[in-house]
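K.L.:
Only the shape, not the letters, is given here:
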């Protein structure tokens, strides 16, 4: 048996459809505390809460179109949220949370640009010319959108 085939732990056992089965799982103390707190808040057992969260992770992955697209969308969200919050702090609004700064045009603009930048530079095998062309295309789309909204005239 090679190292690739060798498995650690108990042998896998096929679950019977329609039956509930036990799942052995080790987690850190921090994860256990979070899970316990979440379970108490919604009136579930620890096992029920863990099952709901595992199930949700699979549903989320499927809804996002798979793990690669999910990671890309999380990348966008992380850059959007971080840049927006930083813009709010730079404007002296440390007290603004997500529900406040998203309604501020300057903070939103900063967040949107950060998300676009993350997408541009996360693309596989990008070149400076690729990014330049994409920025030009985006500029054209924005101008077209503004024109059709009656905001500018060509």
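P.N.:
That came through, no problem. What you see is a predicted model; the values in this text were computed from it and never measured. Residues are numbered from 1 along each chain as shown.

K.L.:
And the next helix or strand past the helix or strand bottoming out on mean pLDDT in the chain?
P.N.:
In the chain, no helix or strand scores lower on mean pLDDT, DSSP states H and E than helix 98-101, which sits at a mean of 81. Moving toward the C-terminus from helix 98-101, the next helix or strand (DSSP states H and E) is helix 105-122.

K.L.:
buried set for the helix or strand hosting residue 34?
P.N.:
Element membership of residue 34, judged by DSSP H and E, is helix 29-42. Residues 35, 39 are the ones in helix 29-42 that count as buried (16 or more other Cβ atoms under 10 Å). Where you see a C-beta, it was placed from the backbone N, CA and C, and this is true even at glycine.

K.L.:
pLDDT averaged over that helix, what's the number?
P.N.:
Per-residue pLDDT over helix 29-42 has a mean of 96.

K.L.:
cool, stretch 134-144 as well?
P.N.:
Here the average pLDDT along stretch 134-144 is 92.

K.L.:
now stretch 14-25
P.N.:
84.

K.L.:
I would like the residues contacting that stretch, please.
P.N.:
Residues external to stretch 14-25 that are found in contact with it (Cβ atoms under 8 Å, 6 or more residues apart in numbering): 9-10, 50.

K.L.:
please redo it, this time with the cut-off set to 10 Å
P.N.:
9-10, 13, 31, 47, 50-51, 54 (Cβ atoms under 10 Å, 6 or more residues apart in numbering).
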